[in-house]
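Undergrad: only geometry, no sequence info:
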C-alpha cells in the first residue's frame, strides 16, 4: 500500500478527512521551503501538494502564478524541488508529498529519469496539469514502476467517458477541480460539487480530494462533509505572500489550525 | 464539433461566401519584377495576403472559427494576439456576427502595435494587456486559456495560429490552406507551372502552413519557413526554435520544438516583429522539419528591416515586419538562382501597423 493510500485509509477508519495544503516550492525563497513543509505537518497537514515552479502556469490564477515567478527568480527548477523533498524526508518519513506542476519540466528531464528521481527523493504522487490522460500512458507506467502514484484532475466539464478513462489510470486519489476556472478563482456551488463527487464515486473506489476554490474554513467545512480530502492552495500561498520572513511560519501555522478545526 | 462541420457543404459554402465577399478573395499573386531585377536572380512572386480585408492572412481563419462559434451557440469569443493582426481579424468578424469579443495581448505588444490596439477598440473589442511573464504572445495565450477554462460554457477561443491543443493546429491549417489552394491555380494561370520554392515566415506558423499544405505532395517545390533570428541565433535572443534545434517540449497543449532552459522553463524570445515572438512552433512544422519536406532558416531583425525598406521603395508595397523576414530570405535565395527560376513569397500582411516601430528603429521623425 502506498503512503498516500495508507493515510487515506487511516483517516477513513477514524472518520476524518485529509487536509492537503499546497505551497509552491521555493516560494518565497528556497531556504524556507523545508521548514514550511514541517510547519504544515505540525499544524495538521495529512499530506502536502508541492508546486513545481513553471514559467507558464496556465491553470493557475494570479496568486500561484506570482509564487512561481518568485521561486523562478531563485532558479528553483524541478531538480531543486526534488532536493528539497529529499531534505524534508530526512526528518519526516510519514507525510506524503505530491508534486503538482506542468508537463514540460518533466519532458525536459525525461519521464523515466524523473520517475526514478522522484522515488529516490521520497515523492509519493505526481499531478501533471497538462498531461491529458490520452497522452501520458508511458509516463504513468514509469511512475507506477517506481511506486509513485499518478494523480489526475477531474473537472466540472469532464464527460462520463473521459471519467472512465481517467479513473482507470489514476492511483492514490482523484483530484476534483471544484469550479470552472483557474486556481483560487470564484465561489463554489457546494451542491453542484457534491452531486458531481457523488457521480464520480459510482465509478471508482479511489478517495476524492476537492480543490481549486476552497478559500476559507467555512468552505472547507462544507466540502469536508462529502469529499475525502480538501486541497487549499491559493489561500495558503496568499498567506505566504503577505507574510514577512519572520512571520511566515507562524501565519501559515495559524491558517492550518483554523482549517483543521473546521474540517474535523 | 469541427469534425462535424469540416466537410459540411452548408458550412463550407458560408465560409467560401465570406472569403469572397467580405475578405475579397482570391488574393492576387503579383510578380515583383522591379524588385527581382534589382536583387538579380530568380523571379520573385508575392502572394498578396496583405490585400485581404484587415490586412493579413489571419482573417481566413477567424471567419472559419467564428462560423463554428455561431453554430455552437457561443455568444462570446476570445483571442490572443501578438502583432495584433489576429486580434483585429477576430474583432472584425465578432463585430460582423454580433459576438462579444475579448482580446488578450502582451503589454509589451500593446505598446509596439498601438495602431492595431486602436483598431480593435474601434471594432468594439475589449483589449486586455497581459503583464505576466515576458508580456508577449505566449503570455497572451496563457491568459486566454485561463479565461477560456473559466468561461467555457459561453466562450469560443479563436486561436490564431497552427498551435494549441487538438484540433486547433489542424483546424487553423485547414482554414489557411486557401492560400496554397489559390496559389496553385494562380501560378498555373500566370506562368504555366508551379514555383521552384515557396517562402513564408514562421512564428506559430499559420501563414506558412496555409501556403505549404496544398504543396506538400507536389514534388520539386521547395518549402522554406523563415523564423525570426532576432539579434542573431548565437546571441540567444531570437525566436527560432526550429532553426536553432531547440529541444522538444510540451506547451499550450502541443508537443513541438520549444525554446527552454535545462529545467524545462520557457525562455524569453526576441524579435523585432511581435507576430513572430513565440518560443514554440506549430507541431506540423516540427513534423515537416523532421521528415525533411520543409527547410527552416532564420533572418535577423536587421535583415528583415532592410528587406522591408527595399520592398517599400522598389514595389510600392509596405510589408509587415513578419512578412519582411520571408522577403529577406527570398532575396538571399534569389541571388543564387537562375533568372528563369521562380520564388513565391507569402506576403502575409501589410506593414501599416509597424510604421511606429520602423520609424523608431530607422531614426525617422514622424
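TA: That came through fine. Values in this document were obtained by computation on a predicted structure and should not be read as measured data. Residues are numbered from 1 along each chain as shown, chains lettered A, B, ... in the order given.

Undergrad: Now stretch B:2-9: buried residues?
TA: B:2, B:5, B:6 (16 or more other Cβ atoms under 10 Å in any protein chain shown). (Glycine included, C-beta is placed from N, CA and C.)

Undergrad: end to end, how far does that stretch reach?
TA: 13 Å (Cα to Cα, to the nearest Å).

Undergrad: right, is that stretch up against chain A?
TA: No: for stretch B:2-9, no contact with chain A is found by Cβ under 8 Å from any Cβ of the partner chain; the gap never falls below 15.6 Å.

Undergrad: Show residues contacting that stretch.
TA: Under the contact criterion Cβ atoms under 8 Å, 6 or more residues apart in numbering or on different chains, stretch B:2-9 has outside partners B:11, B:68, B:71, B:167, B:170, B:171, B:174.

Undergrad: Quick one: those as TSV, columns for neighbour count and distance to residue A:73 too.
TA: Converted to TSV, those look like this (neighbours: other Cβ atoms under 10 Å in any protein chain shown; distance: Cβ to Cβ, whole Å):
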residue	neighbour count	distance to residue A:73
B:11	17	49
B:68	21	41
B:71	16	46
B:167	14	37
B:170	16	38
B:171	22	38
B:174	19	42
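
Undergrad: Mind checking which of the buried residues of stretch B:2-9 land in helices?
TA: B:2, B:5 (DSSP state H).

Undergrad: phi, psi of residue B:226?
TA: phi -110, psi 110 (degrees, to the nearest 10).

Undergrad: Tally up the residues packed near it, please.
TA: Here the number of neighbours of residue B:226 (other Cβ atoms under 10 Å in any protein chain shown) works out to 32.

Undergrad: Give the helix, strand or coil label for residue B:328.
TA: At residue B:328 the chain is in helix, as set by DSSP: H, G, I helix; E, B strand; the rest coil.

Undergrad: ignore the last one, residue B:295
TA: Per three-state DSSP, residue B:295 ends up strand.

Undergrad: With adjacent residues omitted, what lies nearest to residue A:85?
TA: residue A:121 (4.4 Å; Cβ to Cβ, 6 or more residues apart in numbering or on different chains).

Undergrad: and what of residue B:63?
TA: Here the residue nearest residue B:63, using Cβ to Cβ, 6+ apart, is residue B:18, at 4.9 Å.

Undergrad: residues near that neighbour, how many?
TA: When neighbours are counted by other Cβ under 10 Å, residue B:18 comes out with 20.

Undergrad: after the helix or strand where residue A:195 lies, next one along is what?
TA: Secondary structure assignment for residue A:195, by DSSP states H and E: helix A:190-201. With elements assigned by DSSP H and E, the helix or strand that comes after helix A:190-201 is strand A:208-211.

Undergrad: Direction included, what does that following strand pair against?
TA: Using DSSP bridges, strand A:208-211 pairs in its sheet with strand A:174-177 (parallel), strand A:229-232 (parallel).

Undergrad: coming back round to it: mind listing what the residue nearest to residue A:85 touches?
TA: With Cβ under 8 Å, 6+ apart, residue A:121 has these contacts: A:82, A:83, A:85, A:86, A:89.

Undergrad: Looking at the residues you listed, spot the one nearest residue B:329.
TA: Using Cβ to Cβ, residue A:82 comes nearest to residue B:329 of the contacts of residue A:121, at 43.4 Å.

Undergrad: SS state for the closest one?
TA: Going by three-state DSSP: residue A:82 is helix.

Undergrad: I'd like to know how many residues surround it.
TA: Using other Cβ under 10 Å, residue A:82 is surrounded by 21 other residues.

Undergrad: ditto for residue B:310
TA: Count around residue B:310 with other Cβ under 10 Å applied: 18.

Undergrad: Now for it: which residues touch it?
TA: Counting by Cβ under 8 Å, 6+ apart, residue B:310 has contacts B:35, B:38, B:327, B:331.

Undergrad: Was I right to think the third one contacts residue B:319?
TA: Meaning residue B:327. Yes: counting by Cβ atoms under 8 Å, residue B:327 touches residue B:319, with 6.1 Å between them.

Undergrad: who touches the host helix or strand of residue B:144?
TA: Assigned by DSSP H and E, residue B:144 falls within helix B:137-150. With contacts defined as Cβ under 8 Å, 6+ apart, helix B:137-150 is touched by A:56-59, A:61, A:180-182, A:185-186, B:78-82, B:102, B:104-106, B:109, B:128, B:130, B:132-133, B:155, B:157, B:159, B:164, B:203, B:251-252, B:266, B:269, B:274-275, B:277-280.

Undergrad: if we can go back for a sec, save the strands paired with strand A:208-211 as TSV, and put in distance to residue A:39 too.
TA: Supplementary listing: the strands paired with strand A:208-211 in TSV, determined by distance: least, Cβ to Cβ, whole Å:
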stretch	distance to residue A:39
strand A:174-177	23
strand A:229-232	14
